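Engineer: what follows is a predicted structure for the sequence shown.
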Amino acid sequence: MRIREPFKLVAIGAIGFWLAAFALLPNLLVVIASVLERGSDEFVAFAFTLDSYRRLLDPLYLGVLLDSLWLAAATTTLCLLLGYPFAYLLTRMPARWRPMLLLLVIIPFWTSSLVRTYAMVIILQTNGWLNQILLDLGLIAEPLELLYTEPAVIAGMLYALLPFMILPLYAALEKLDRRLIEAARDLGAGRVTIFRRIILPLTLPGIVAGCMLTFLPGLGMFYVADLLGGARTLLVGNLIRDQFLSARDWPFGAAASVMLTVLMGLLLWAYYLSSRRASRGALP
Amino acid sequence: MSEPVIELRNVCKAYAANPVLRHINLQARAGEFLTLLGPSGCGKTTILRLLAGFEKPDSGEIRIAGQDMQTLPPERRHVNTVFQSYALFPHLTVFENVAFGPRLNQVRGDELRERVMDALRMVKLEEFARRKPGQLSGGQQQRVAIARAVVNRPRVLLLDEPLSALDYKLRKAMQVELKQLQRRLGITFIFVTHDQEEALSMSDRVAVMNAGRIEQFGTPRQIYEAPENLFVARFVGEINNLPGQVMTAAPPRYDIRLHDRVINLKSQHAFGVGDRVNVLIRPEDLRIWREDEGSAEERATLFPAVVEEVVYKGSTVDLAIRLDNGDLLATTQFFNEDDQAIVNLDFREGERVFVDWVHDWETILPHED
């Protein structure tokens, strides 16, 4: 065991350094930048102010936030509605097919999601594939305005985020003991009761994990709205990016970023509290 | 006799061309404790799953309380199962686990509470109603599983090796509790086990199964004392097998040559002269004579042997003895304090002994390979 001590120190040290250098420090810089003034020559001027946060309270930005929340929530809901049956069917497949099918879910990850979003543009644009197919089938007479609409943005986010919903749901459903379903049937439960009283509560951790993994990235995803929504939808993610790259207002961008991080943190905290309450309910 | 609660008629079942049940015929009476006993893979659990409705027979008929089960799904059958793994719902409290069935039968409010608590009281778990299954010991979980099943007042309770996960002492205690429970409730129990001791001590009747067939169906006593074939004889307890040949036949008595002796024995089976037979004797039915016991003429009918192994087991001494012709026999000698036998059971390895048995306590079966 003694011999292992140095290795332990190195391993923990490396991880600690990594987290400090690439997670803690950048976030610290963002927090610091958010309370500084905008500089004229440099990006920031070293003078303390809460002005950026004050500006965030503008109803305009509240609207942006609500839009973002709505879009992320809509995407998450659709992901759940599509992902749950998908994951369920996956677990019902013969065991030797399952790794293959899971691989198919994961393969799109190998391509940059930016590239995949561009592909969506090609499919959805006015003279794109989808319209062409619908025209050829005679289902529509005129090409539909698909690109640069909210449904297009949601479709793009759905496409990018669906695997993040499927994988935790699959893990939860896979773990589900089939014998519990037999036991429920034995006691007289039909399909609906079994789903509502056995399957749903037992896969709830997977549902929550999947929602977290889609909702939180969905909140900050800017390029999908950019490419598929055009300039029409301004989201928190776009706002932050624009402040840094176009408007060159680093303190304001940093403040928006901090606000988003705090919001996500609050959501995670709420989840933690609710899960703790759920498990505490187990005690007599 | 009243109509059987459970009836299997010529039931066959195969998984992917592998037959697991071959022409099973079985009946259980109301209030009976019936055990399906057999090695793993013999089809006993499949019978339970057919009765519960999780599997459908390929052919044949299953009736429960006179009703054909062909099209009835598990959720609509008046049977309940105690699963081998217990299959308790981990997210529900003990109370809610037990209340699961009654709730589905629209039992509500005070009546629900009363019924659930009655069931929990029956298995002595009323104080654990608010716990979750994960906070209970194996034996307690077992009892919740039983309460969850019997609270529905089923016609038949199916138990799939319910005690196999428990340690020896707890298993013994639960055997007694289960038997008492069954008597009190008057429910028909169909109990699956591979433990012959468990089967003999708890059951009214036992069906010994092997390779998808019922080898013998009878009371524990019939199964143990009059096995119908070599499989049953060997599976239900230890047994010694002496190969012999019929010399003269005067049914029901036969002169049978065993090694260099000819012994006159009784059998319900019919044999012809020259038939090869197996003479089966339980270890506890063998009597050991020491060199200084018995007269010379008495000794002439005994088989000479040598003690090879002595295993002291507290209430008994088990000996492995080798007959002079090479056969190895297992014997169990009971301590009997009345005749100072304690001294007599002090066998040494390598000691010369003589062995016989009380005639007619043996079982004679046709020779099988």
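Structural biologist: Structure's in. What do you need?
Engineer: which SS class is the residue in the stretch 1-150 of chain A positioned nearest to chain B?
Structural biologist: Closest residue of the stretch 1-150 of chain A to chain B, CB to the nearest CB: residue A:94 (12.9 Å). (C-beta placed from N, C-alpha, C; glycine too.) Recorded secondary structure, residue A:94: coil (DSSP: H, G, I helix; E, B strand; the rest coil).
Engineer: which stretches of chain A form strands?
Structural biologist: Assigned by DSSP state E, chain A shows strands spanning A:36-38, A:44-48.
Engineer: residue B:331 contacts residue B:282, correct?
Structural biologist: No: in this structure residue B:331 lies outside contact range of residue B:282 using CB atoms under 8 Å: 9.4 Å.
Engineer: the more surrounded of the two?
Structural biologist: Using other CB atoms under 10 Å in any protein chain shown, the more surrounded residue of residue B:331 and residue B:282 is residue B:331, with 26 against 21.
Engineer: A helix includes the more buried one, no?
Structural biologist: No: judged by three-state DSSP, residue B:331 forms no part of a helix; its state is strand.
Engineer: and the stretch 101-250 of chain A, which residues reach chain B?
Structural biologist: Contacts of the stretch 101-250 of chain A with chain B, taken as CB under 8 Å from any CB of the partner chain, map to A:177, A:179-180, A:182-190, A:193, A:197-198, A:201-202.
Engineer: buried ones among these?
Structural biologist: The neighbour-count test (16 or more other CB atoms under 10 Å in any protein chain shown) marks A:180, A:182-189, A:193, A:197-198, A:201-202 as buried among these.
Engineer: just put these in JSON lines and tack on pLDDT.
Structural biologist: Listed next are these as JSON lines, based on pLDDT from 0 to 100:
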{"residue": "A:180", "pLDDT": "95"}
{"residue": "A:182", "pLDDT": "95"}
{"residue": "A:183", "pLDDT": "96"}
{"residue": "A:184", "pLDDT": "96"}
{"residue": "A:185", "pLDDT": "95"}
{"residue": "A:186", "pLDDT": "95"}
{"residue": "A:187", "pLDDT": "96"}
{"residue": "A:188", "pLDDT": "94"}
{"residue": "A:189", "pLDDT": "94"}
{"residue": "A:193", "pLDDT": "95"}
{"residue": "A:197", "pLDDT": "94"}
{"residue": "A:198", "pLDDT": "94"}
{"residue": "A:201", "pLDDT": "92"}
{"residue": "A:202", "pLDDT": "92"}
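Engineer: export those as CSV, with columns for distance to residue A:242.
Structural biologist: Shown next, in CSV, are these (distance: CB to CB, whole Å):
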residue, distance to residue A:242
A:180, 51
A:182, 56
A:183, 56
A:184, 53
A:185, 56
A:186, 60
A:187, 58
A:188, 59
A:189, 54
A:193, 51
A:197, 48
A:198, 48
A:201, 43
A:202, 44
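Engineer: for whichever residue of the stretch 151-300 of chain B sits closest to chain A, report the pLDDT, please.
Structural biologist: For the stretch 151-300 of chain B, the residue closest to chain A is residue B:152, as judged by CB to the nearest CB, at 6.7 Å. The model reports residue B:152 with a pLDDT of 93.
Engineer: tell me the contacts of the closest residue to it other than its chain neighbours?
Structural biologist: Take residue B:152 and drop its neighbours on the chain: the residue closest to it by CB to CB, 6 or more residues apart in numbering or on different chains is residue B:101, 4.2 Å away. With contact set as CB atoms under 8 Å, 6 or more residues apart in numbering or on different chains, residue B:101 has these partners: A:187, A:188, B:80, B:148, B:149, B:151, B:152.
Engineer: kindly recompute the last result at 6 Å.
Structural biologist: Contact partners of residue B:101, counting by CB atoms under 6 Å, 6 or more residues apart in numbering or on different chains, are A:187, A:188, B:152.
Engineer: now do residue A:237
Structural biologist: By CB under 6 Å, 6+ apart, the residues touching residue A:237 are A:220, A:221, A:222.
Engineer: what are the phi and psi values at the nearest residue to it once chain neighbours are set aside?
Structural biologist: Ranked by CB to CB, 6+ apart and with sequence neighbours excluded, the top spatial neighbour of residue A:237 is residue A:222, at 3.2 Å. Phi and psi for residue A:222, reported as degrees, to the nearest 10, are phi -110, psi -30.
Engineer: what number of residues lie near residue A:222?
Structural biologist: Residues near residue A:222, counting by other CB under 10 Å: 17.
Engineer: so it versus residue A:72, what's the distance?
Structural biologist: Applying CB to CB, to the nearest Å, the value for residue A:222 to residue A:72 is 12 Å.
Engineer: next: residue A:248.
Structural biologist: Per CB to CB, residue A:248 is found 27 Å from residue A:72.
Engineer: who has more neighbours, these two?
Structural biologist: Using other CB under 10 Å, the more surrounded residue of residue A:248 and residue A:72 is residue A:72, with 24 against 13.
Engineer: what helix or strand is residue B:189 on?
Structural biologist: Per DSSP states H and E: residue B:189 is located in strand B:188-193.
Engineer: thinking again about what came up before, out of the strands of chain A, which gets the lowest mean score?
Structural biologist: strand A:44-48 (a mean of 84).
Engineer: same for that strand, what does it pack against?
Structural biologist: When contacts are defined as 3 or more CB pairs under 6 Å, 6 or more residues apart in numbering or on different chains; DSSP states H and E, strand A:44-48 packs onto strand A:36-38.
Engineer: for the strand it packs on, which outside residues touch it?
Structural biologist: A:44, A:45, A:47, A:49, A:249, A:251.
Engineer: can you name the residues that contact residue A:219?
Structural biologist: So residue A:219 contacts A:68, A:72 (CB under 6 Å, 6+ apart).
Engineer: one more time with 7 Å, if that's ok
Structural biologist: Contacts for residue A:219 (CB atoms under 7 Å, 6 or more residues apart in numbering or on different chains) come out as A:68, A:72, A:236, A:260, A:264.
Engineer: now flag whichever of the residues you listed is closest to residue B:54.
Structural biologist: Within the contacts of residue A:219, the smallest distance to residue B:54 is 42.9 Å, found for residue A:72 (CB to CB).
Engineer: doesn't residue A:218 make contact with the closest one?
Structural biologist: Yes: at 3.6 Å, residue A:72 and residue A:218 qualify as touching, with contact defined as CB atoms under 7 Å.
Engineer: surely residue B:303 touches residue B:323?
Structural biologist: Yes: assessed by CB under 7 Å, residue B:303 is found in contact with residue B:323 at 5.4 Å.
Engineer: which one is residue 203 nearest to, not counting chain neighbours?
Structural biologist: Looking at chain A here, since you left the chain open. In space, and not counting its chain neighbours, residue A:203 is closest to residue A:172: 4.2 Å by CB to CB, 6+ apart.
Engineer: wait, chain B
Structural biologist: In space, residue B:203 is closest to residue B:35, 4.0 Å off (CB to CB, 6+ apart).
Engineer: partners of the helix or strand harbouring that neighbour, with directions?
Structural biologist: Using DSSP H and E, residue B:35 sits in strand B:33-37. Using DSSP bridges, the strands paired with strand B:33-37 in its sheet are strand B:188-193 (parallel), strand B:205-210 (parallel).
Engineer: roughly how far is the first one from the heart of the chain?
Structural biologist: Spelled out, that is strand B:188-193. Relative to its parent chain, strand B:188-193 has a centroid offset of 10 Å by CA atoms, centre = their mean, to the nearest Å.
Engineer: what's the answer for stretch A:70-86, then?
Structural biologist: For stretch A:70-86, the distance to the chain centre is 10 Å (CA atoms, centre = their mean).
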